[in-house]
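how would this look folded up:
(2 chains)
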Amino acid sequence: MNVLNFMQHFFSDGSHWHGYDGIPQRVWEHVQYTAGALAIAAAIGLPIGLVTGHTGRGGNTLAFVSSGARALPTFGLLVLMFVWLGLGIVPVMIPLVVLAIPPILITTYEAIRTVDPSPVDAARGMGMSEPKILFQVEVPAALPLILSGLRSAAIQIVSTATIAAYVALGGVGRYILDGLYQRNYEKVAGGAALTAILALFVLVLFWAVGRVAVSPGVRRRGAA
Amino acid sequence: MNGFFDIPSDLQHSYLGLIALHMQEALIPVLVGLLLALPIGLLCVHYDWLYPPVLWSSTVLYAIPSIAFFVVLIDYTGLTQLTVMIPLCLYSLVVLVPAVVDGIRSVPEETNAAAAAMGIGPVNRYVQVQLPIAVPAIMAGLRVATASSISLVSVGSLIGNQGALGNLLTTAMLYHRPQLAVTSVVTTAVLAIVVDAVLVLVRRVLTPWEPPSGRRSRRLAATISGAARTPESVS
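The predicted structure follows:
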């Protein structure tokens, strides 16, 4: 297997493991971009999704906004922002956030909206206030689905953050682009493998968060 | 015009030519993906054990960035459109297979039983009974896949001008003409919206039995759950 050979050469080369262009440095940059973009997208998408899901209103607007956001080409947005705003982290963050908002927003909305109405009614009958109903009844029940939205956004960001290298920033994408320009396929395969490993790490991370955060009762029902 | 539509000659295409090329590079992979997803989805429904490994491998596949995919493929398919279209086809499968599976699973058991009782064979039952009922779910997946495909074609510009409208982006950087980047982004976004609208229209034509009243809310539900279903089932 050609590609696997490339990967093995890439990872066994000691010079790839330290220094400014070393794997730890590039992975750390990549993690920073991913975490930053995910945090911003969640800060925008989660509250809106929770409120619209709770009230059940604004679904049409949400569907419209998210298909609009999906229509924006990520790579195009990156180049456009770079041309307008110049070198920096902001031109990279904007397309990544735009990419991540639709899955977070729509999944959160759908998760809250499809919570079994009977416990919600029971909570309301017991005199719980609306914010309390949202955070103590609906969110715990909807958490698995909300987390899955965040996870799919995170994976898309991890894979797309590689294009940051095109506008002179770092991250794992550096290997892919440098490899492309240098006709060095070892680097490309290594960069791709690193991205896939990071994505798997995201999957494991969200699985662990789900184990800790989702209440056992909800988890059992989800498994059944 | 202020240079928005002055396409540099090294792109080898007119503005309309770039649009046609973009549609071709974006839609053919999705179409092929749909043709592959229909049998794969059916197999996954029939053999339950097949579904989790298919989901897992497609999730990992989805995590591989498109640029890396393109560059690795150059070795095999050269600097051609095919190099761009193969990864896009695989990405579309990631969205379409769960959509087809969920669509077929949404067919009520009574309907299947009725079809069987009427003597409709397995193949005909799939084509004539299950697929039409699964159309809303499949179309929801198709909309997501098409939008992402149209967006991703642009990345092909990094491997020797195979990105159609995306080539305007690299040219914008090369010649310091931000207007071309604006043209590229706006045109791509408009294309995605137009294609999305066409898909919604096709869905309505294909499912004429959906009652006129309440159609709005049902369509929305299908769209939203379709969009939400994909990340949910890739678990």
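
Please name the residues that touch the residue nearest the centre of chain B.
Closest to where the C-alpha atoms of chain B average out (Cα atoms, centre = their mean) is B:Ala145, at 2.6 Å. Shown in contact with B:Ala145 (Cβ atoms under 8 Å, 6 or more residues apart in numbering or on different chains): B:30, B:33, B:91-92, B:95-96. Where C-beta positions appear, they are placed from N, C-alpha and C, glycine not excepted.

So which of the residues you listed wins on neighbours?
Counting neighbours by other Cβ atoms under 10 Å in any protein chain shown, the top entry in those is B:Val95, with 29 neighbours.

Residue 29 - how many residues pack around it?
No chain in the question, so chain A it is. A:Glu29: 19 neighbours (other Cβ under 10 Å).

try chain B instead
Counted with other Cβ under 10 Å, B:Pro29 comes out at 27.

The one helix or strand it maps to vs chain A: in contact?
Element membership of B:Pro29, judged by DSSP states H and E, is helix B:15-46. No. For helix B:15-46, no contact with chain A is found by Cβ under 8 Å from any Cβ of the partner chain; the gap never falls below 10.0 Å.

Now the element after that helix, going C-ward?
helix B:51-63.

just to revisit the earlier point, CSV for the contacts of B:Ala145, including pLDDT?
Converted to CSV, the contacts of B:Ala145 look like this (pLDDT from 0 to 100):
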residue, pLDDT
B:Val30, 95
B:Gly33, 95
B:Tyr91, 89
B:Ser92, 92
B:Val95, 88
B:Leu96, 92
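
Next one, pLDDT for A:Pro73 please.
Note on A:Pro73: pLDDT of 88.

again with the one 10 residues further on
The confidence metric pLDDT takes the value 86 at A:Val83.

B:Val127 now?
pLDDT, B:Val127: 84.

residues near it, how many?
Neighbours around B:Val127, by other Cβ under 10 Å: 12.

quick one: it and B:Leu34, what's the gap?
14 Å (Cβ to Cβ, to the nearest Å).

One more: A:Ser118?
Counting by Cβ to Cβ, the gap from A:Ser118 to B:Leu34 is 39 Å.

what about the residue at minimal distance from the centre of chain A, which helix or strand?
Residue closest to the average C-alpha location in chain A (Cα atoms, centre = their mean): A:Ala154, at 1.7 Å. Assessed by DSSP H and E, A:Ala154 sits inside helix A:139-160.

try A:Gln25
Going by DSSP H and E, A:Gln25 is part of helix A:23-55.

Show me what that helix is packed against.
helix A:59-71, helix A:90-113, helix A:139-160, helix A:173-182, helix A:185-213 (3 or more Cβ pairs under 8 Å, 6 or more residues apart in numbering or on different chains; DSSP states H and E).

Tell me who's in contact with the closest residue to A:Asp21 other than its chain neighbours.
In space, and not counting its chain neighbours, A:Asp21 is closest to A:Arg174: 7.0 Å by Cβ to Cβ, 6 or more residues apart in numbering or on different chains. By Cβ under 8 Å, 6+ apart, the contact list for A:Arg174 reads A:21, A:26, A:165, A:191.

do the same with B:Leu88
B:Leu88 touches B:25-26, B:29-30, B:66, B:149, B:152-153, counting by Cβ under 8 Å, 6+ apart.

List buried residues within these.
Among the contacts of B:Leu88, the ones that count as buried by 16 or more other Cβ atoms under 10 Å in any protein chain shown are B:25-26, B:29-30, B:66, B:149, B:152-153.

Kindly indicate which of these lies nearest B:Ile104.
Nearest to B:Ile104 among the buried ones among the contacts of B:Leu88 is B:Val30, at 19.3 Å by Cβ to Cβ.

didn't the closest one look like it was pressed against B:Ser92?
Yes. B:Val30 sits in contact with B:Ser92 when judged by Cβ atoms under 8 Å, with a separation of 4.8 Å.

Now do the residue of chain B most remote from its centre against B:Pro132, distance only.
When distances are taken from the C-alpha mean of chain B, B:Ala117 lies farthest, 35.8 Å away, according to Cα atoms, centre = their mean. For B:Ala117, the distance to B:Pro132 (Cβ to Cβ) stands at 18 Å.

ok so, going back, just the angle between the helix holding A:Gln25 and helix A:90-113, please?
40 degrees (axes from the mean of the first three to the mean of the last three Cα atoms, to 10 degrees).

Buried residues of helix A:23-55, list them for me.
Buried residues in helix A:23-55 (16+ other Cβ under 10 Å): A:23, A:25-27, A:29-31, A:33-34, A:36-38, A:40-42, A:45-46, A:48-50, A:52-54.

and residue 161, how many residues sit next to it?
Looking at chain A here, since you left the chain open. Neighbours of A:Ala161 (other Cβ under 10 Å): 29.

try again with chain B
Count around B:Asn161 with other Cβ under 10 Å applied: 17.

Let me know the pLDDT of it.
The predicted local confidence for B:Asn161 is 75.

in what helix or strand does it lie?
Applying DSSP H and E, one finds B:Asn161 in no helix or strand.

just to revisit the earlier point, next, the angle from the helix holding B:Pro29 to helix B:51-63.
Using the same axes, to 10 degrees, helix B:15-46 lies at 160 degrees relative to helix B:51-63.

any idea how far helix B:15-46 is from the chain center?
6 Å (Cα atoms, centre = their mean, to the nearest Å).

Can you give me the buried ones in it?
B:18-19, B:21-23, B:25-30, B:32-34, B:36-38, B:40-42, B:44-45.

Check what pLDDT residue 204 gets.
If you meant another chain, say so; for now it's chain A. Predicted confidence (pLDDT) for A:Val204: 89.

hmm, I had chain B in mind actually
87.

Next up, phi/psi of it, please.
Backbone torsions for B:Arg204, taken as degrees, to the nearest 10, come to phi -70, psi -40.

so where's chain A shaky on pLDDT?
A:1, A:220-224 (pLDDT under 70).

All the helices of chain B, in order from the start?
B:15-46, B:51-63, B:66-77, B:81-105, B:109-117, B:122-124, B:131-152, B:167-175, B:178-206, B:215-233 (DSSP state H).

What is the burial count for B:Ile86?
Going by other Cβ under 10 Å, the residues that sit close to B:Ile86 add up to 17.

Hmm, B:Thr77 and it touching each other?
Yes. Counting by Cβ under 8 Å, B:Ile86 does reach B:Thr77; the two are 7.0 Å apart.
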